[in-house]
Structure formats: C-alpha cells, structure tokens
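*Asks:* With the sequence up front, the predicted model follows.
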Amino acid sequence: MVVDGLETCFLSAERATASCVARQQVLFADEELLRVVTDVGRDFFMILNRQRQIVYGNRRLAEAVGVAAPAALIGQRPGEAFCCLHARETAGGCGTTEYCRQCGISQAVAACLDGEGQRGRECRLLCEGTPPRDALDLRVWAAPLVRAGEEFTVVVAADIGDEKRRRYLERIFFHDILNTAGGLRGFAELFHSGDDRSEETVEFIYRLACRLIDEIKGQREVLAAENNELVPAPQPVNGREFLERLIDDYAARDEWRDRRLELAAAAEAVEFVTDPELLARVVGGMVQNGLEAVVAGETVTVDCRRRGEEVRFSVRNPGAMPQPVQLQVFQRSFSTKGAGWGLGTYVMRLLSERYLGGRVSFLSNEADGTVFFVDFPLAWPAP
C-alpha cells in the first residue's frame, strides 16, 4: 500500500504537519492534574494524534529513552521514541514495516483507530542501545480520547521485563535444572546402593554434574551480559573439533535420543580466536532450537566453514517457520512455546554481537528449511 507516496506494510505513513502537532500539544500542555498523575507512576504514558505522533508524554517515558524532557519526544511515533530497530527502516517510519504487524503498540493503537475501544497487548521491542535497554518487554493498553473535537489515542505501557525474567528463571530452575538434578540423583543412588558401579554409570554421573553446573553458569552469564558485566576470555578454537564435542554432548542427552544431530561432511577445521564458553552458548542455542523444531527421526545438521577472514557456523533443520514467527525472531522473551520460554535467540544475538564481534542471521523457507548462521572474525576483535 502507498500513502502520500510512502509505502507501508501496515499502518498509514501520513504525518501531521509541525504546526498541527504544536497546536495539539497545547491542548494538553497546561493540564497540571494530567502531569502529576502520569508522572508519579512507573508506567510510560503517551497521547497520540490520528497520525500516531506523540503530543503528550510523561517524565517516565523521557527518562527511559534518555531525553532531558518529554517535550523532546513531541511529534515522534512510539517506536521512534523507544529507538526501535525497525522504526527507521522505511521512509514511512514507525508502524509501516512488516515487523510492525507483530508490534503490540501498533496493534493496540490500530484497534483504537478502528473504533474497537480499549485494548491490552504484550509488546516486545528490539532497540538501539546497550543491554538491558536494547530490548523491552511491555504490556500495552490503548484507549480512544476526544479533545476539542479531535480524536486521540491514550497509550499506557508497563515495563514487564522483570516479570518475564522471573518466569524464565522459574522455568529454568524448576524444569531444566530440576530434571538434570533428578537424573543425577538417580544415578548417584544406584552407585551408592552398590547396584551399579560400572564405568558407564560413573561417566553418566560426571556428565550430569557438569551439565548442572553448566546450566547454572549459563544463567549467570546471561545476567552478566545484560548488565554489561560479562568479560570474555578469548583463546584459540578449532571449529570442527568444537562441533564434534558439542554433538557428543547433545547425543548424551535423553531428550534428544530420538532425533539425529549430524556434522556436515565438509565441515572445516577452521582455527580462530574466541571465548569457547560463550561460543558454546551461541551455537548450542542454535542446535537446541533446531532439535526442538524437528520430530523423531528427523536430522539437524551443523556445519563450520571459512569465509574470507571470518568463520561461519550454521545449523539447519527441515521445515520453515511461519512468517509471523520469522518477524519476531531475536526478540527477548518471544517463544512459540508459551509463557516462561524465550530468551534463546535473543541471547544468541546478544552474546554474538555484543561480546564476540559476530553477526547472527537466518533464512527459512520450504525449499531450504530453516538455517541459523553466526559469523565470527578469525582474529579476536578489538574491544
């Protein structure tokens, strides 16, 4: 669709003139009660005109996006104020990209503009900035407002990042870590009773103990990464040998025994410098996503190739992701598996691009299946 010469994939690209926005701002600028009520809370508060431009914002919103006063946000759209990565991808701006179809703010505002009344939705944003400000989890409400004969939309957004983090950690500790600890206890009881003291049982106990520690360390690393406290420890790594060890680790896990994980025959023994533990988090996350996407008997293939002065790891599984899912990959807390999941692809991107100097990407279609890629420089990148 084209509006005023600007293409849009969702909402209108049309904007009000600067003089119109200034006039609309005056309608709310002198409302002392409005300012007091909206500034005392922790939620983000906006009033938008028909073109979805901000004509009023509260102090909490200004602080969150790093501007001195709410007046600096007047005329912007919500995604532009929050520095959404997609807000400036098209000339039409916030609301006009294909990603905006999945945005909770855009959906809630669109419902109000269509006369559907108040709407509440969850919204996930990837933003320009450093962790934790580079990703926002919001719960958004929108309601119509008429003032001086003009139509506006009131938008209230609550930051639910802590709630999402708590649910995720609860799932990790009450599901993944508890399952691993249960398996460890089972083998330990066999060993303690003397019923089975074989070398294989000792090996299983050792592997499960290592996995338990690794899962706890992994969560600690994610928290450190989001708090800008993670310090990588680079050392030489052989790409093919790294993948062979990773495949052995996943092959020993009961939950994946009915699915095949294979190393591509042409995988190369590329030598490069990186943090091997963080690399395992990234590529391991790609492998786990692939295994979760296939059914019993299907195969996930991992590969490693040199590409100029970079090394590329890839993980391929058959089957394509639906388009709405593709548009939300890498968003924090997004998952097709329900509440308490998520962070997987977001962590892959965070660790790769923020700490290892890499780039994460993917393709997904019926012909090629789904392939996640991550590219790293052969030499350790300068800080």
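*Replies:* Nice, thanks for sending it over.

*Asks:* how about T130, what does it touch?
*Replies:* 228, 354 (C-beta atoms under 8 Å, 6 or more residues apart in numbering). In short, each C-beta sits where N, CA and C put it, glycine included.

*Asks:* what's the burial count for Q219?
*Replies:* 16 (other C-beta atoms under 10 Å).

*Asks:* Could you do Q323 as well?
*Replies:* So Q323, with other C-beta under 10 Å, has 11 neighbours.

*Asks:* which SS state does E151 fall under?
*Replies:* Per DSSP: H, G, I helix; E, B strand; the rest coil, the local secondary structure of E151 is strand.

*Asks:* So it sits against A143, correct?
*Replies:* No. Using C-beta atoms under 8 Å, E151 is not in contact with A143, being 11.7 Å away.

*Asks:* V40: neighbouring residues, count only.
*Replies:* For V40, using other C-beta under 10 Å, the count is 10.

*Asks:* Equivalent analysis for E14, please.
*Replies:* So E14, with other C-beta under 10 Å, has 13 neighbours.

*Asks:* Next, the contact list for G344, please.
*Replies:* 285, 288-289, 335.

*Asks:* So which of these sit within strands?
*Replies:* Secondary structure of those is defined by DSSP state E; no position falls in strands.

*Asks:* and which of those residues is nearest V202?
*Replies:* Q288 (26.4 Å; C-beta to C-beta).

*Asks:* which non-adjacent residue is nearest E309?
*Replies:* Spatially, and ignoring its direct neighbours in sequence, E309 is nearest to L378 (5.5 Å; C-beta to C-beta, 6 or more residues apart in numbering).

*Asks:* Around the one you found, count how many other residues there are.
*Replies:* 15.

*Asks:* Return the backbone torsion pair for it.
*Replies:* phi -70, psi -40 (degrees, to the nearest 10).

*Asks:* got the contact list for it?
*Replies:* 270-273, 306, 309-311.

*Asks:* Go ahead and measure how far the lengthiest helix in the chain is from the middle of the chain.
*Replies:* As assigned by DSSP state H, the longest helix anywhere in the chain is helix 199-226. Distance, stretch centre to chain centre, for helix 199-226: 23 Å (C-alpha atoms, centre = their mean, to the nearest Å).

*Asks:* Same question for stretch 20-38.
*Replies:* Using C-alpha atoms, centre = their mean, the offset of stretch 20-38 from its chain centre is 35 Å.

*Asks:* residues making contact with it?
*Replies:* So stretch 20-38 is contacted by 16, 45, 47, 49, 53, 55-56, 58-60, 74-75, 147-148, 150, 152 (C-beta under 8 Å, 6+ apart).

*Asks:* Kindly recompute the last result at 10 Å.
*Replies:* Here stretch 20-38 makes contact (C-beta atoms under 10 Å, 6 or more residues apart in numbering) with 15-17, 44-51, 53-61, 70-71, 74-76, 145, 147-148, 150, 152, 154, 156.

*Asks:* Filter the residues you listed down to the buried ones.
*Replies:* 15-16, 44-49, 51, 53-58, 60-61, 70, 74-76, 152, 154, 156 (16 or more other C-beta atoms under 10 Å).

*Asks:* where does the stretch 1-150 of the chain have low pLDDT?
*Replies:* 1-5, 117-119, 131-132 (pLDDT under 70).
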